[in-house]
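Chemist: Here is my input; please provide its structure:
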Amino acid sequence: MYYKNYGNTEMKVSAIGFGCMRYDDEDIKKGQLEKCAEVALYAHEKGINYFDTAPLYSYDNKSEIITGMALSQVKRDSYYISTKGNFGTCEGTQTKDGFRRRLETSLKQLKVDYIDFYHLWCIMNLDGFQRLYDAMYEVCEEAKAEGLIRNIVFSSHMPGEQLEKVIETDKFKGMLIGYNALNYRFRQNGISTAYEKGMGVVAMNPLGGGLIPDNADKFAYLTEGTNFNVAQAALRFVASHREITVALAGCKTKAHVDDACLSVENLVEKPAVEICKEYENTGESINDMCTGCNYCDKCPAGIQIPKYMDAYNMVLLGGSFMNRLAWHWDVTADGAGDCTRCGLCEGLCTQHLNIMDRLTHISNKVDPKAV
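Modeler: Numbers count the residues shown, from 1 in each chain. From the prediction side, this is the model:
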């Protein structure tokens with residue numbers, strides 16, 4: 001396993017982190033939590049020492065419990081645990097006291113006395129950051145003073161220039177952001193500023209929510225000069241950034257763990273600017289693709305926006321959104337016409353996409369490339 005320093009801390013973390021969001025749903029439904037825990041333990045055996053979870057991850061919110069089951073079987077100083085909190089995200093966290101209770105629940109479920117990296121979770125824009133900061137940061141500082149948190153960090157879906165403003169507050173040891181071969185141009189400024197500030201940078205969604213391996217022919221350019229498959233090459237693409245400390249891999253099976261570990265063998269780090277220049281004129285022009293985070297799934301009109309945005313990706317990948325809607329999602333293009341253009345979805349969108357216009361194109365059954 002290849003290891004990097006987490007920012008200006010003395011923590012040596014694995015270049016591949018274990019994303020604890022994707023434990024097997026069917027195993028959880030059957031109550032076979034120990035089977036899920038075996039995968040996390042296997043990752044630890046393979047040298048992965050960074051584990052990222054959250055209160056609402058996995059089916060029935062079982063991620064923290066499963067992760068605690070696994071890691072409580074190994075020495076505490078052999079791994080780093082990352083979890084998250086948001087003012088009002090979980091039931092009972094609408095107050096500072098409630099947030100503190102949520103933190104204590106995470107400690108209990110993870111079976112640890114302290115959390116290595118505690119995130120202010122899911123910051124979408126600067127206004128949201130300020131609200132979350134005002135609500136939570138003081139509680140985090142108090143918990144840190146008590147030894148319950150070692151590092152206060154944040155998780156965000158903001159574009160690079162907005163990330164810079166949060167980074168420049170000098171209040172955080174690191175950050176967690178979506179970063180992959182789909183959106184790397186979108187976040188260059190943010191990761192470079194964080195690195196210069198001595199912060200750790202953890203990349204979630206390195207496979208673009210599955211879009212990259214699911215469209216291997218479109219992303220074959222990532223594999224050129226390697227023996228990797230597309231998924232491995234996409235992980236290596238992210239991990240090779242000097243500015244990125246950990247690339248999170250959501251692993252459901254031991255085979256997924258093996259693939260992820262292979263992707264960083266003999267890793268060579270490069271500055272982001274060099275990587276960006278190297279890939280600038282290669283592959284698809286797909287920074288405008290939906291990465292499937294589902295944050296837009298709050299439409300007052302009841303439109304199943306994530307399904308429509310996924311279908312729209314097919315247009316950007318050279319396919320048909322009509323086929324995707326009919327055969328994959330079993331919804332009709334007409335449903336997109338219920339949009340009232342209230343703008344809520346675009347305010348929630350982590351990629352800042354023009355969702356309302358896309359819904360219009362879909363409802364009119366018009367290929368946007370012909371508009």
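
Chemist: quick one, strands of this protein?
Modeler: Counting by DSSP state E, the chain has these strands, from start to end: 3-5, 12-14, 16-19, 50-52, 80-85, 115-123, 149-156, 174-178, 200-204, 246-250.

Chemist: Quick one: those strands as TSV, columns for distance to residue 238, mean pLDDT and mean neighbour count too.
Modeler: Where you see a C-beta, it was placed from the backbone N, CA and C, and this is true even at glycine. TSV is the format used below for those (distance: least, Cβ to Cβ, whole Å; pLDDT from 0 to 100; neighbours: other Cβ atoms under 10 Å):
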stretch	distance to residue 238	mean pLDDT	mean neighbour count
strand 3-5	12	97	17
strand 12-14	13	97	21
strand 16-19	10	95	30
strand 50-52	14	97	27
strand 80-85	17	93	26
strand 115-123	18	89	25
strand 149-156	16	93	23
strand 174-178	10	91	26
strand 200-204	5	94	26
strand 246-250	4	94	28
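
Chemist: Compile these into JSON lines and extend it with columns for distance to residue 131.
Modeler: What follows is the strands of the chain, written out as JSON lines (distance: least, Cβ to Cβ, whole Å):
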{"stretch": "strand 3-5", "distance to residue 131": "32"}
{"stretch": "strand 12-14", "distance to residue 131": "30"}
{"stretch": "strand 16-19", "distance to residue 131": "27"}
{"stretch": "strand 50-52", "distance to residue 131": "24"}
{"stretch": "strand 80-85", "distance to residue 131": "14"}
{"stretch": "strand 115-123", "distance to residue 131": "9"}
{"stretch": "strand 149-156", "distance to residue 131": "13"}
{"stretch": "strand 174-178", "distance to residue 131": "18"}
{"stretch": "strand 200-204", "distance to residue 131": "22"}
{"stretch": "strand 246-250", "distance to residue 131": "26"}
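
Chemist: Could you check those strands and tell me which one is nearest residue 233?
Modeler: With Cβ to Cβ, the closest approach to residue 233 among those belongs to strand 246-250: 12.0 Å.

Chemist: Who are the packing partners of the closest one?
Modeler: With contacts taken as 3 or more Cβ pairs under 8 Å, 6 or more residues apart in numbering; DSSP states H and E, strand 246-250 sits against strand 16-19, strand 200-204, helix 230-239, helix 254-262.

Chemist: Dump the last one to PDB, keeping only the CA atoms.
Modeler: Output in PDB follows, covering the C-alpha atoms of helix 254-262 (Å, rounded to 0.1, in the frame of the first residue of the first chain):
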ATOM      1  CA  LYS A 254     -13.000  -8.300  -1.200                       C
ATOM      2  CA  ALA A 255     -12.400  -8.300  -5.000                       C
ATOM      3  CA  HIS A 256     -13.300  -4.600  -5.000                       C
ATOM      4  CA  VAL A 257     -10.700  -4.100  -2.300                       C
ATOM      5  CA  ASP A 258      -8.100  -6.000  -4.300                       C
ATOM      6  CA  ASP A 259      -8.800  -3.800  -7.400                       C
ATOM      7  CA  ALA A 260      -8.500  -0.600  -5.400                       C
ATOM      8  CA  CYS A 261      -5.200  -1.600  -3.800                       C
ATOM      9  CA  LEU A 262      -3.800  -2.600  -7.200                       C
END
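
Chemist: now the angle from it to strand 246-250?
Modeler: Orientation of helix 254-262 against strand 246-250 (axes from the mean of the first three to the mean of the last three Cα atoms, to 10 degrees) gives an angle of 160 degrees.

Chemist: Which strands and helices lie in contact with helix 254-262?
Modeler: Checked by 3+ Cβ pairs under 8 Å, 6+ apart, helix 254-262 has strand 16-19, helix 33-45, helix 230-239, strand 246-250 packed alongside it.

Chemist: mind running it again at 6 Å?
Modeler: If contacts are counted by 3 or more Cβ pairs under 6 Å, 6 or more residues apart in numbering; DSSP states H and E, helix 254-262 sits against helix 33-45.

Chemist: Now do the helix it packs on, average pLDDT.
Modeler: Predicted confidence along helix 33-45 averages 96 (mean pLDDT).

Chemist: how far out from the middle of the chain is that helix?
Modeler: Chain-centre distance of helix 33-45: 20 Å, with Cα atoms, centre = their mean, to the nearest Å.

Chemist: Any chance you could list what contacts that helix?
Modeler: 18, 23, 24, 27, 66, 69, 70, 74, 254, 257 (Cβ atoms under 6 Å, 6 or more residues apart in numbering).
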